[in-house]
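[1] The sequence and its predicted three-dimensional model are supplied below.
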Amino acid sequence: MAKTPRILTGQVAAITGAARGIGKETARAFVREGIKVAIGDLDPATAQETARELGGGTIALELNVTDRASVAAFLDAVEEQLGPIDVLVNNAGIMQLGPFVTEDDATAQRQVDINVHGVMFGMKEVLPRFQDRGRGHLVNIASSAGKGGFPGGATYCGTKHFVVGVSEAVRGELRGTGIEVSCVMPGIVNTELAQGLHQARGVKNIDPTDVANAIVEVLKVPRFDVYVPKSIGPISKFMTLLPRAGREAVVRALKADTVLQVDPAARRAYELRAARSEPGLESAEAQKELTT
């Protein structure tokens, strides 16, 4: 028997890293559903512009996900201005690419700080609030890279494996509490983050709106695994049945092993912005400071 979709109107949602990209489109989709939305971002000016564009009472707040105190202050401000949080979307993340052996330590630390600690801080700050009320929905944005390792993005893949693993473990801990946990695993999304990436055979690139619509869908009918596009799900399940050599052969056949091996010049603008996304680390101002 099909589950009756939940009504989202009037709920309060907080989205991290939502000034642009997937976060922005998710906020837009939430507003259409009648959800009260707060977007948090390290770039307050762009976040404010996005909030004005989306309307619907959307608010924008400055947020540094690598600082737990900033995360706590963000959630406090959301609840003060909009009411108790029903949904947290841990969306903030970066993807800096290049050969692992030449990756500088600041690049690696930046990805771990944002993609790992940023998600962890969001979870640790929002879950007690959910537990106090016996309800809430945690949505962590991982990646299809959280299910496999792709050359050229070793550290990124590692951070997304963490998101998948921590989401699975916490879901188990929260079973029966009324709190839902979902893990969103998109393929290549047509955003600034995907500049210069190749396309694997048999898996089309998607738009941020596709991810946003999938998130709305999972809020209405909760489940854990959210693959976007949905075709990634069967592929992922099939791969788990194969021995190591078989999995690697399929990856090569689909050309998935080349997806993250890109020309640094094609990603220079994104890499520069990503290198400035962790205030605790020195910003990259020159090409030599970029991952190549």
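    Perfect, I can see it now.
[2] Give the rounded mean pLDDT of the strand ranked longest in the chain.
    Ranked by residue count, the top strand of the chain under DSSP state E comes out as strand 179-186. Strand 179-186 carries an average pLDDT of 97.
[3] And for that strand, what's in contact with it?
    22, 127, 130-131, 134-144, 146-147, 163-164, 167-168, 170-171, 174, 206, 210-211, 214-215, 218, 222-228, 232, 236 (C-beta atoms under 8 Å, 6 or more residues apart in numbering). (Each C-beta comes from the backbone N, C-alpha and C, glycine too.)
[4] Repeat the analysis, applying 7 Å as the threshold.
    Strand 179-186 is contacted by residues 130-131, 135-144, 146-147, 163-164, 167, 170-171, 174, 206, 211, 214-215, 218, 222-228, 232 when judged by C-beta atoms under 7 Å, 6 or more residues apart in numbering.
[5] I'd like to know which of these are buried.
    Among the contacts of strand 179-186, those classed as buried by 16 or more other C-beta atoms under 10 Å are 130, 136-144, 146-147, 163-164, 167, 170-171, 174, 206, 211, 214-215, 218, 225-228, 232.
[6] would you list every one of the helices in the chain?
    In the chain, the helices defined using DSSP state H lie at 21-32, 44-54, 68-82, 105-111, 118-133, 154-173, 208-220, 232-240, 244-253, 268-275.
[7] which of those sits most buried?
    Stretch with highest mean neighbour count among those: helix 21-32 (a mean of 24; mean count of other C-beta atoms under 10 Å).
[8] and it with strand 179-186, angle?
    Note on geometry: by axes from the mean of the first three to the mean of the last three C-alpha atoms, to 10 degrees, helix 21-32 and strand 179-186 are set 130 degrees apart in direction.
[9] How far off centre is helix 21-32?
    Here helix 21-32 shows a centroid-to-chain-centroid distance of 13 Å under the convention C-alpha atoms, centre = their mean, to the nearest Å.
[10] ok, now which ones touch residue 5?
    Residues near residue 5 by C-beta under 7 Å, 6+ apart: 220, 221.
[11] Around residue 242, how many other residues sit close by?
    Neighbour count of residue 242, defined by other C-beta atoms under 10 Å: 12.
[12] Can you list the strands that the longest strand of the chain pairs with?
    strand 136-141 (parallel), strand 225-228 (parallel) (DSSP bridges).
[13] Which one of those has the poorest average confidence?
    Minimum mean pLDDT among the strands paired with strand 179-186: strand 225-228, a mean of 94.
[14] can you list the residues that contact that one?
    In contact with strand 225-228 (C-beta under 7 Å, 6+ apart) are residues 182-187, 206, 210-211, 214, 218, 233, 236.
[15] Any regions of the chain where pLDDT drops low?
    1-2, 193-196, 198, 201-202, 258, 266, 282-292 (pLDDT under 70).
[16] Residues contacting stretch 237-247, please?
    residue 250.
[17] Give me the distance from that stretch to the chain's centre.
    Averaging C-alpha positions (C-alpha atoms, centre = their mean) puts stretch 237-247 26 Å from its chain's average.
[18] And the nearest residue to residue 79 once chain neighbours are set aside, how close does it get to residue 42?
    Nearest residue to residue 79, sequence neighbours excluded (C-beta to C-beta, 6 or more residues apart in numbering): residue 85, at 5.9 Å. Residue 85 sits 20 Å away from residue 42, going by C-beta to C-beta, to the nearest Å.
[19] Over to residue 249?
    On the measure of C-beta to C-beta, residue 249 and residue 42 end up 41 Å apart.
[20] And for residue 211?
    20 Å.
[21] Residue 238 now?
    From residue 238 to residue 42 the distance is 39 Å (C-beta to C-beta).
[22] Make sure residue 187 is actually in contact with residue 203.
    Yes. Residue 187 is in contact with residue 203 according to C-beta atoms under 7 Å; the separation is 5.2 Å.
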